[in-house]
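Student: show me the folded form of this:
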Amino acid sequence: MTKLQRVINYMSDTITCPTPGMRKAIAAAQVGDDVYGMDPTVKRLQKVMADLLGKEDAMFVPSGTMSNLIAIGAHCNRGDEIICGNKSHIFCYEGANAAAYMGVSLATLPNQTDGTIKLSDMANAVRADDIHYPRTTLVEIENTHNTCGGRVLPLSYIREVEQFCRDHELRLHVDGARLANASVASGVPLADLVQGADTVSFCLSKGLGAPVGSILAGSGEFIHRANRLRKSLGGGLRQSGFLAAAGLYALENQFERLTDDHANAKALAEGLASIPGIEVNPDDVDTNMLFWKVSSEYKMDTATLVKKVADEKSVIFGGYWSGDRIRAVTNLHITSEDVEYTIASVRDTLAASESNMEVA
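Tutor: Below you'll find the model as predicted:
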């Protein structure tokens, strides 16, 4: 098999670069000073996203991490506590920023394999009104769920969480970094996925392929407060219409094509599963990511195989691990032909080490 000259990169869907059409949209954008509310393209993006998410207002933010942090700060007072999953992005991968900057603690509960949290666990985690305890203020869920493998939260479960929060007088924030994937995979409109949520963050720079940016959406009063936090955190941008134009282009031209990423991820999982010594469950692939590993029966471990296919075949895996499984994320730069090449590369590389297989 001939080695490809270009690199096939499954590290994340954040590695995507603007398409030619997006670059033209960026160059043609009308801009102004957004800190003073003078950028027409940012205003348009915020209106479009508020409508898509079914919220009163929305705000453009430089990153999903900042979007989640602002939501936490605007919902909670110092000393409050958030209920979230033990595999949630805000707990695992955002630098403990809720504690560091907002003085808010996280009560982490076990995420199930499909990304959900048991409502019984949530109920047990709600603090009594006692001076010894922090105040439970907010519940956070993630859709799709990254560390659980890009799983789409069931709509029935979302409705149950929304009702739980109403019953316990808690606010609900949805980390919707990949909510676009959830919508495309489930066929459920974005607004329906967050119908009962108080706030939602929505990333433009993942599967949608924009270079920068996230949206925080909620009530008009909430976004007014959130705007102050964005400024204090250094998130107020000047002529950010260039970035907003990329987001608008992505929404208009690269939303439905997420089905291609999902099909490629499923094909990759099925192909890897057909290779003796590779462990992956294609049935767990809901959207554009999967976690896989080399069987413990092989002397070549997953990390060694990943390095060899990178060095010898120009196929890159990396970024996130879940235990001893490595993540693969399909994106707009990966084709079905790339997936076929990847499967063959892993098969050939592992077969070359077959003599190292342990004898049972």
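
Student: from here on, just use CA atoms for contacts and neighbour counts.
Tutor: Fine.

Student: residues in contact with the top strand by length along the chain: which ones?
Tutor: For the chain, the strand that runs over the most residues, judged by DSSP state E, is strand 135-142. Identification of contacts with strand 135-142 by CA atoms under 8 Å, 6 or more residues apart in numbering yields 75-76, 79-85, 88-89, 115-116, 126-127, 129, 165, 170-177.

Student: those, buried ones only, as a ChimeraX selection?
Tutor: Typed into ChimeraX, the line below selects the buried ones among the contacts of strand 135-142, using 16 or more other CA atoms under 10 Å:
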select :75,76,80,81,82,83,84,85,88,89,115,116,126,165,170,171,172,173,174,175,176,177
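
Student: partner strands of the longest strand of the chain, parallel or antiparallel?
Tutor: Paired neighbours of strand 135-142 in the sheet (DSSP bridges): strand 80-85 (parallel), strand 171-176 (parallel).

Student: residue 177 and residue 203 touch, don't they?
Tutor: Yes - between residue 177 and residue 203 there is a contact under CA atoms under 8 Å: 4.5 Å.

Student: would you map the strands across the stretch 101-250 of the chain?
Tutor: Using DSSP state E, counting those that start in this stretch, the strands found in the stretch 101-250 of the chain span residues 105-109, 135-142, 171-176, 199-203, 214-218.

Student: taking strand 214-218 as reference, get the angle to the fourth one.
Tutor: In this case it means strand 199-203. On the basis of axes from the mean of the first three to the mean of the last three CA atoms, to 10 degrees, strand 199-203 is oriented at 160 degrees to strand 214-218.

Student: would you mind pulling the contact partners of strand 199-203?
Tutor: 63-64, 67-68, 71, 172-179, 194, 213-219.

Student: kindly write the PyMOL command that selects the buried subset of the residues you listed.
Tutor: Command for PyMOL, covering only those of those found buried under the criterion 16+ other CA under 10 Å:
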select buried, resi 63+64+67+68+71+172+173+174+175+176+177+178+179+194+213+214+215+216+217+218
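
Student: out of the strands of the stretch 101-250 of the chain, which is closest to residue 42?
Tutor: strand 214-218 (10.7 Å; CA to CA).

Student: okay, now the sheet partners of the closest one, with direction.
Tutor: According to DSSP bridges, strand 214-218 has these partners: strand 57-61 (antiparallel), strand 199-203 (antiparallel).

Student: tilt between the helix or strand that comes right after the first one and strand 80-85?
Tutor: Beyond strand 57-61 on the C-terminal side, the first helix or strand identified by DSSP states H and E is helix 64-75. Following the same axes, to 10 degrees, one obtains 140 degrees for the angle between helix 64-75 and strand 80-85.

Student: how deep is the closest residue to residue 314 other than its chain neighbours tucked in, by neighbour count?
Tutor: For residue 314, ignoring the flanking residues on the chain, the nearest one in space by CA to CA, 6 or more residues apart in numbering is residue 7 at 4.9 Å. Residue 7 sits with 14 neighbouring residues when counted by other CA atoms under 10 Å.

Student: wait, isn't residue 7 in contact with residue 317?
Tutor: No - here residue 7 does not reach residue 317: they are 10.7 Å apart, not a contact under CA under 8 Å.

Student: distance from the lowest-mean-pLDDT helix or strand in the chain to the middle of the chain?
Tutor: Here the helix or strand of the chain ranked lowest by mean pLDDT, DSSP states H and E is strand 321-322, holding a mean of 78. Per CA atoms, centre = their mean, to the nearest Å, the displacement of strand 321-322 from the mean C-alpha position of its chain is 15 Å.

Student: that strand pairs with which strands, and in what direction?
Tutor: When DSSP bridges is applied, strand 321-322 pairs with strand 325-329 (antiparallel).

Student: averaged pLDDT, the partner strand. What do you get?
Tutor: Averaging pLDDT along strand 325-329 gives 96.

Student: what residues does that strand touch?
Tutor: Here strand 325-329 makes contact (CA under 8 Å, 6+ apart) with 10-13, 149, 265, 288-293, 302, 317-321.

Student: hmm, 7 Å instead?
Tutor: If you take CA atoms under 7 Å, 6 or more residues apart in numbering as the criterion, strand 325-329 is touched by 10-13, 288-293, 317-318, 320-321.

Student: cool, stretch 225-234 as well?
Tutor: 70, 74, 236.

Student: give me that answer again for 8 Å
Tutor: The contact list for stretch 225-234 (CA under 8 Å, 6+ apart) reads 59, 61, 66, 70, 71, 73, 74, 236.

Student: same deal with stretch 31-49?
Tutor: Residues from elsewhere that reach stretch 31-49 (CA under 8 Å, 6+ apart): 29-30, 57-60, 215, 217, 236-242, 244-245, 247-248.

Student: kindly recompute the last result at 7 Å.
Tutor: 29-30, 57-60, 236-242, 244-245, 248.

Student: which members of these occur in helices, if any?
Tutor: Among these, DSSP state H puts 241, 242, 244, 245, 248 in helices.

Student: next, count neighbours for the third one.
Tutor: Residues near residue 244, counting by other CA under 10 Å, number 32.

Student: pLDDT score for it?
Tutor: On pLDDT, residue 244 comes in at 99.

Student: identify the bridge partners of residue 139.
Tutor: Bridge pairing for residue 139 - DSSP bridges - gives residue 83, residue 172.

Student: gap between it and residue 161?
Tutor: Distance, residue 139 to residue 161, by CA to CA, to the nearest Å: 9 Å.

Student: is residue 94 part of a helix or strand, or is it coil?
Tutor: Assigned by DSSP: H, G, I helix; E, B strand; the rest coil, the conformation of residue 94 is coil.
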